[in-house]
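Engineer: Provided below for reference: sequence and predicted model.
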Amino acid sequence: MRRALFYALSIFGFLVTACGNDYSPKPRGYFKIDLPDKKYQSYNGECPFEFDYPVYASVVTDSARDAKPCWKDVVYTGFNGRIHLSYQPIRSKAQFNELIEDAHTFVFKHTVKATAIDESIISIPEKKVYGIYYTIDGNAASPVQFFLTDSSKNYIRGALYFNEQPRLDSIQPVLDFVKKDIDVMIRSFRWADQI
């Protein structure tokens, strides 16, 4: 009998002391990402354009079946992402208008997941680089897209993709980091006939 009373009082004592603590579940955490130092190098391959890109990325030729010769990817292996660049020579005003409309269409396909889409005009007249930079907020597959053109002969479209499920809260630090690289890429961009 004493033993049963001792066990009952012990259990009661544990329950009373355990209930006195304020417990709340911890939020889900993500791995810490070490971001490398910003350093850039120049891409000047066989295509009619050049730009600066980070040393912690690489430029590779797009290997998709329907890829054209000057479609390139700036690959961020450490971040599991890439900036897909698709170059097109402009052959007519109608084709130029179609390319601009396609860029707009590709961006606005993300409206289902986007909370906002902002666009900024790109204008660097001394290099004949013009275009639009799109920031797509929310859990969109491509949070940044842009196109650049000289308005007469050359057009290139860029789109950033991460090979992860799009969750803005988890990729935000890397996204902010890569956006700075895209800004450097755009500011340093030059057409071959302007070099």
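Structural biologist: Sure thing, it's come through.

Engineer: identify all contacting residues around stretch 89-108.
Structural biologist: Residues lying outside stretch 89-108 but in contact with it, judged by C-beta atoms under 8 Å, 6 or more residues apart in numbering, are 48, 88, 117, 119, 132, 134, 136, 145, 147, 149, 151-155, 157, 159. (Each C-beta comes from the backbone N, C-alpha and C, glycine too.)

Engineer: list only buried entries from those residues.
Structural biologist: By neighbour count, with 16 or more other C-beta atoms under 10 Å, those hold 48, 88, 117, 132, 134, 136, 145, 147, 149, 154-155, 157, 159 as buried.

Engineer: which two among those are spaced furthest apart?
Structural biologist: Of all pairs drawn from the buried ones among the contacts of stretch 89-108, the one with the longest distance (C-beta to C-beta) is 48 and 117, at 29.6 Å.

Engineer: what residues are bridge-paired with the spatially most central residue of the chain?
Structural biologist: When the chain is reduced to its mean C-alpha position, the closest residue under C-alpha atoms, centre = their mean turns out to be residue 160, at 3.9 Å. Beta-bridge pairing of residue 160 under DSSP bridges involves residue 83.

Engineer: surely it and residue 79 touch.
Structural biologist: No. No contact is recorded between residue 160 and residue 79 when judged using C-beta atoms under 8 Å, the distance being 10.2 Å.

Engineer: now do the shared contacts for these two.
Structural biologist: When C-beta under 8 Å, 6+ apart defines a contact, the residues bordering residue 160 and residue 79 alike are residue 178.
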